[in-house]
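Engineer: quick one, fold the following:
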Amino acid sequence: MTNYIASIDQGTTSTRCIVFDHDGTIKGVSQMEHEQIFPKAGWVEHDPQEIWDNTRKVCAEVLAQLDLKASDIAAVGITNQRETTLVWDKNTGKAVYNAIVWQDTRTDKICTELGGDQGADRFKETTGLPLATYFAGPKARWILDNVEGAREAAEAGDLLFGTMDTWVLWNMTGGVNGGRHATDVTNASRTLMMDLDTLDWDDEIVEAMGLPKSMLPEIVPSSEVYGKVRERGVLAGVEIAGILGDQQAATFGQVCFEPGMAKNTYGTGNFLLLNTGEEKVLSKNGLVTTVCYQIGENKPVYALEGSIAVTGSLVQWLRDNLKLIKNAPEVEELAKSVDDNGDVYVVPAFSGLFAPHWRSDARGAVVGLTRFANRGHIARAALEAVAFQSKEVVDAMNADSGVDLSELKVDGGMVANDTLMQFQADLLDVPVIRPEVTETTALGAAYAAGLAVGFWDDEAELTKQWAEDKRWESTMDEKERKRLMGKWTKAVERTLNWVEDED
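Structural biologist: Below is the predicted model:
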């Protein structure tokens, strides 16, 4: 009896397999971290083989935990860190270079060259995206330009390009022995090469990007059967039936199925998505337009997105680089040891600034320091930086959509931090709501897979499963809110124009 859905969540810092039952309840989890590789300042890489090995291990581990067999699993869904890019040899299954992570900034010159006289918005009307180091296409271009023999092999038809969903799907469905080379519309919409209207690769942009079209995966809906697990292992024979980029998956898991519904995920970075329905809305305020999801042959649903590069990873930086805390939860305790931020502001522009600024020349800063400031103030300022950045994105979203946000659904690891969530509600002046199941990224991929195989009937059934766990209401007056945002804006200005051409 197929009573469960398995969800593979291939994230920035770890890979997990989570098993859900029909009620959307987590029955088991297995998780493995992978190495973060920093070859140079601004460069971030992952080992694709390590990630694939970990994927196999976590799937085996969670089924062993629950004493389940492949026949107990109705389908597998995949969700992934978006924009992280790899190129591999289809004949050997080996990557020609490490995966270049979404945070990586090495493609800055490529993006500037591609923009030419038209600048960062050259492809925006077609793709919904500005030319920025964040997105996948320029990363693939860098690999072909800088790895010896890669361009020749690509032009000979021997190399494949993909984001992490593509890599996992290809390997699970057979790899060199007939693996399916595909990506879903949500991940394709993050490459800077997909036409948002046709949901297909734009030939002119692909040519300008300098990639042979033979490298590119087939673009498929977010919820349909793509094939069966063929590699030997615990899931052999199970259908893979859902793929969503992690932030779209979280939106799906938060059942934001109606236009105007929004969620904010607090993970390695923060990502706020607003469902705009079957209408794509091009931003005038620094947001990106993206595909939210596509169920089978239905029309695609679009979203406005504000992407923030560094939020949860700022807490990791306090722990690993500054040794200010021993573990991530300790940051809240340290932040609560002071009454306020002591006029200290941390702007974590480690990879430049994403939405709504899109400034790759920015670098991180701690400002407002005096002899009064202590480690508690820095910890509090780091938490507040997460909320300040999200407030900037919400303001841009309100301006683009013409409708003010009335509440914000939240998920991700940092939503366990009550101090942060209260400050977020104070800054936004709207309720902030946490669901009972906070693993909404994995849940969204499970939902997409389950819908494709009839495990769940429709979105209405999923909406009934969503339940509120806690909400935070604003307690801050408008004068204080404006004062804090004014100081934050001044702090952001201090980070700009740091990186120059010669750097």
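
Engineer: tell me which element the residue of the chain positioned farthest from its centre is part of?
Structural biologist: Most distant from the centre of the chain: residue 371, at 38.1 Å, with distances by Cα atoms, centre = their mean. In the assignment (DSSP states H and E), residue 371 maps to no helix and no strand.

Engineer: for it, give me the pLDDT.
Structural biologist: Note on residue 371: pLDDT of 94.

Engineer: same check, this time on the one 5 residues further on
Structural biologist: Residue 376 is assigned a pLDDT of 94 by the prediction.

Engineer: confirm it sits in a helix?
Structural biologist: Yes. Under DSSP: H, G, I helix; E, B strand; the rest coil, residue 376 sits within a helix.

Engineer: wait, it sits on residue 335?
Structural biologist: Yes. Contact criterion Cβ atoms under 8 Å: residue 376 and residue 335 qualify, at 6.6 Å. All C-beta spots, glycine's among them, are computed from the backbone N, C-alpha and C.

Engineer: overlap of the contact sets of the two?
Structural biologist: Taking Cβ atoms under 8 Å, 6 or more residues apart in numbering as the contact rule, residue 376 and residue 335 have no neighbour in common.

Engineer: those two - which one has more neighbours?
Structural biologist: Ranked by neighbour count (other Cβ atoms under 10 Å), residue 376 and residue 335 place residue 335 first, with 24 against 19.

Engineer: roughly how far apart are residue 426 and residue 246?
Structural biologist: For residue 426, the distance to residue 246 equals 27 Å [Cβ to Cβ, to the nearest Å].

Engineer: out of these two, which sits in the busier spot?
Structural biologist: The neighbour comparison of residue 426 against residue 246 (other Cβ under 10 Å) goes to residue 246, with 29 against 20.

Engineer: if I read this right, the more buried one contacts residue 441, doesn't it?
Structural biologist: Yes. Judged on Cβ under 8 Å, residue 246 makes contact with residue 441 at a distance of 5.0 Å.

Engineer: what's the overlap in contacts for these two?
Structural biologist: Both residue 246 and residue 441 are contacted by 9, 11, 79, 265, 267, under the criterion Cβ under 8 Å, 6+ apart.

Engineer: ok, and the most crowded of the residues you listed?
Structural biologist: Counting neighbours by other Cβ under 10 Å, the top entry in the shared contacts of residue 246 and residue 441 is residue 79, with 39 neighbours.

Engineer: and that one, what does it touch?
Structural biologist: Residues counted as contacts of residue 79 (Cβ under 8 Å, 6+ apart) are 7-10, 165, 243-246, 249, 441-442, 444-445.

Engineer: how about a cut-off of 10 Å?
Structural biologist: Contact analysis of residue 79 by Cβ atoms under 10 Å, 6 or more residues apart in numbering lists 7-11, 16, 18, 164-165, 168, 184, 186-187, 222, 242-250, 252-253, 440-446, 448-449.

Engineer: what's around residue 365, how many residues?
Structural biologist: Residue 365 has 18 neighbouring residues, counting by other Cβ under 10 Å.

Engineer: any regions of the protein where pLDDT drops low?
Structural biologist: 1, 231, 501-503 (pLDDT under 70).

Engineer: for the stretch 101-250 of the chain, what spans make up the strands?
Structural biologist: Remark: strands assigned in the stretch 101-250 of the chain by DSSP state E, counting those that start in this stretch are 159-163, 182-184, 194-195, 200-201, 218-220, 223-228, 239-245.

Engineer: rewinding a little: dihedrals phi and psi, the residue farthest from the centre of the chain?
Structural biologist: Note on residue 371: backbone dihedrals following degrees, to the nearest 10 are phi -60, psi -20.

Engineer: roughly how far does residue 472 sit from residue 481?
Structural biologist: 15 Å.

Engineer: let me know the secondary structure of residue 400.
Structural biologist: In three-state terms, and counting by three-state DSSP, residue 400 is helix.

Engineer: and for residue 470?
Structural biologist: Using three-state DSSP, the secondary structure recorded for residue 470 is strand.

Engineer: burial measure for the residue nearest to it when sequence neighbours are not counted, as a count.
Structural biologist: The shortest distance from residue 470 to any residue other than its chain neighbours is 4.9 Å, reached at residue 434 (Cβ to Cβ, 6 or more residues apart in numbering). Number of residues near residue 434 (other Cβ under 10 Å) recorded here: 19.

Engineer: okay, residue 472 and residue 481: which has more neighbours?
Structural biologist: Between residue 472 and residue 481, residue 472 has the larger neighbour count (other Cβ under 10 Å), namely 21 against 16.

Engineer: if I pick the more buried one, what's in contact with it?
Structural biologist: So residue 472 contacts 408, 410, 418, 420-426, 428, 430-434 (Cβ under 10 Å, 6+ apart).

Engineer: just the buried ones from these?
Structural biologist: Neighbour counting over the contacts of residue 472 (16 or more other Cβ atoms under 10 Å) leaves 408, 410, 420-426, 428, 430, 432-434 as the buried ones.

Engineer: can I get those in TSV including secondary structure and distance to residue 205?
Structural biologist: As requested, these are exported to TSV (DSSP: H, G, I helix; E, B strand; the rest coil; distance: Cβ to Cβ, whole Å):
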residue	secondary structure	distance to residue 205
408	strand	34
410	strand	34
420	helix	39
421	helix	40
422	helix	44
423	helix	41
424	helix	37
425	helix	41
426	helix	42
428	helix	36
430	coil	38
432	strand	38
433	strand	39
434	strand	39
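
Engineer: how about a markdown table for those, with distance to residue 51 added?
Structural biologist: Output for the buried ones among the contacts of residue 472, formatted as a markdown table (distance: Cβ to Cβ, whole Å):
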| residue | distance to residue 51 |
| --- | --- |
| 408 | 31 |
| 410 | 27 |
| 420 | 29 |
| 421 | 31 |
| 422 | 36 |
| 423 | 34 |
| 424 | 32 |
| 425 | 36 |
| 426 | 38 |
| 428 | 35 |
| 430 | 37 |
| 432 | 33 |
| 433 | 33 |
| 434 | 29 |
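
Engineer: please enumerate the helices of the stretch 201-350 of the chain.
Structural biologist: Counting by DSSP state H, counting those that start in this stretch, the stretch 201-350 of the chain has helices at residues 203-209, 246-253, 312-320, 330-335.

Engineer: which one of these is the most hemmed in?
Structural biologist: Mean neighbour count, computed with mean count of other Cβ atoms under 10 Å, is highest for helix 246-253 among these, reaching a mean of 32.

Engineer: got the CA positions of that one in PDB?
Structural biologist: Taking C-alpha atoms only, helix 246-253 is exported to PDB below (Å, rounded to 0.1, in the frame of the first residue of the first chain):
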ATOM      1  CA  ASP A 246      13.100  25.500  -3.300                       C
ATOM      2  CA  GLN A 247      11.400  28.900  -3.000                       C
ATOM      3  CA  GLN A 248       8.600  28.000  -5.300                       C
ATOM      4  CA  ALA A 249       8.300  24.700  -3.400                       C
ATOM      5  CA  ALA A 250       7.900  26.600  -0.100                       C
ATOM      6  CA  THR A 251       5.200  28.800  -1.700                       C
ATOM      7  CA  PHE A 252       3.400  25.600  -2.800                       C
ATOM      8  CA  GLY A 253       3.900  24.000   0.600                       C
END
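
Engineer: angle of that helix against strand 223-228?
Structural biologist: Angle between the axes of helix 246-253 and strand 223-228 is 120 degrees (criterion: axes from the mean of the first three to the mean of the last three Cα atoms, to 10 degrees).

Engineer: run the chain-centre distance for helix 246-253.
Structural biologist: Relative to its chain's centre, helix 246-253 lies at 9 Å (Cα atoms, centre = their mean, to the nearest Å).

Engineer: with stretch 475-483 instead?
Structural biologist: Mean-position distance between stretch 475-483 and its chain equals 31 Å (Cα atoms, centre = their mean).

Engineer: can you list the residues that contact it?
Structural biologist: Applying Cβ under 10 Å, 6+ apart, the contact partners of stretch 475-483 are 391, 422-423, 425-429, 474, 484.
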